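**Q** the sequence and its predicted three-dimensional model are supplied below.
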Amino acid sequence: MPELAEVEFFRKQWDPGIGHVFDRVSVHPKARIFRETPAPTFKKQLAGETLEASHTHGKKWMFQFSNGKWLAGHLGMTGKLFTASSDYKPEKHDHLVLHGKATTLVFCDPRMFGKVTLDFEESGGFPKWWVDLPPSPLDSRFTKTLVFDFMARHPKSPIKTLLLDQRVFPGIGNWMADEICWRLPIDPATRTGELDESERVAIWKLTRQLSKQAMGVIGDEWKKPPNSWLFNHRWKDGGNCPRKDCGSDLTRADLRGRTTCWCPNCQV
DNA sequence: CTATTTGTTTATCC
DNA sequence: AGGATAAACAAATA
């Protein structure tokens, strides 16, 4: 689920913990989210530290702790961050839990496609890999040239598949990629090399526009997006194209392994 | 019981 | 070498 705006929403769920010390950390030692770093390392390193600040970039989040410790992560398909009361008892899928005097911070992820990592920076600055992440669509460095060059390198990929590539479209996920194709409108299976200049410009602009809009709608309070977006119609069977004067039945099918929803009438 | 899932990484084939 | 594609990962939900 979580794409750039949802990740921003979840980041803010830990805001009540900023400025607080977390003296105890509990983990599920076998949970896949810890990947290459042993779970006890998170326990040992984070216990006693203060949460100082938080950040997001695309689908990644980063929590800055005292003594140059950085907790980064990804929510995968089903990851969630939330705050609970200080007497909260971790449940089955709560893999990483920080216990403070006033509050408990929880990372929960039933499917465990998410991950967490730990970085140490003596200097106090961001870890280098974080600084080197590709520019977000919300950043002015997300230029037309960047997008055009990437498209030129992948002329045979369907445009929707390209939009999911985090190396150039960080934060764009399945619903956003479908939304962009629908707004253009273009068939999501269109090979990128078949797009003309104006369509490629539109992809770039719509990526920026939708990223900004999603942040506004979902990033703060997770409001329901307007019915004029494809978003509200794409999940249920029998959804109809919300475009004015269309209303055709939407189609859902697999495209390179991802469920894709589009309007067969508008998107040709 | 079966089919489905808003993501990423790895393997394999070209 | 590097791009395109499918499979693997795990568990809840319908």
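**A** That came through, no problem.
**Q** let me know the pLDDT of residue A:1.
**A** Looking at residue A:1, its pLDDT reads 63.
**Q** again with the one 5 residues further on
**A** Per-residue pLDDT puts residue A:6 at 94.
**Q** ok, it touching residue A:222?
**A** Yes - counting by CB atoms under 8 Å, residue A:222 is a contact partner of residue A:6 at 7.5 Å. Bear in mind the C-beta positions are built from the backbone N, C-alpha and C, glycine included.
**Q** can you tell me how far the closest residue to residue A:224 other than its chain neighbours is from DNA strand B?
**A** If the residues on either side of it in the chain are set aside, residue A:224 comes closest to residue A:232, at 7.1 Å by CB to CB, 6 or more residues apart in numbering. As for residue A:232, its distance to DNA strand B is 11 Å (criterion: CB to the nearest atom of the strand, to the nearest Å).
**Q** now do the same contact list for residue A:232.
**A** Residues in contact with residue A:232 (CB atoms under 8 Å, 6 or more residues apart in numbering) are A:224, A:225, A:226, A:242.
**Q** what's the farthest-apart pair in those?
**A** Longest distance between any two of those is 13.4 Å, between A:224 and A:242; criterion CB to CB.
**Q** who's more crowded, these two?
**A** Set residue A:224 next to residue A:242 and count neighbours by other CB atoms under 10 Å: residue A:242 wins out with 19 against 10.
**Q** give me the three-state assignment for the more buried one.
**A** coil (DSSP: H, G, I helix; E, B strand; the rest coil).
**Q** can I assume the residue nearest to residue A:224 sits in a helix?
**A** Yes - assigned with three-state DSSP, residue A:232 falls within a helix.
**Q** what's the distance between residue A:263 and DNA strand C?
**A** 22 Å.
**Q** can you name the residues that contact that residue?
**A** Contacts of residue A:263 by CB under 8 Å, 6+ apart are A:182, A:185, A:230, A:241, A:243, A:246, A:248, A:250, A:251.
**Q** report the buried members of those residues.
**A** Among the contacts of residue A:263, those scoring as buried are A:182, A:185, A:230, A:241, A:243, A:250 (criterion: 16 or more other CB atoms under 10 Å).
**Q** shaky segments in the stretch 1-150 of chain A?
**A** A:1 (pLDDT under 70).
**Q** what does it put close to DNA strand C?
**A** Selection of the stretch 1-150 of chain A residues close to DNA strand C by CB under 7 Å from any atom of the strand yields A:32, A:77, A:92, A:93, A:110, A:111, A:112, A:113.
**Q** number of residues surrounding the fourth one?
**A** The one in question is residue A:93. Neighbours around residue A:93, by other CB under 10 Å: 18.
**Q** please name the nearest non-neighbouring residue to it.
**A** Residue A:93 sits nearest to residue A:110 (CB to CB, 6+ apart), 4.4 Å away.
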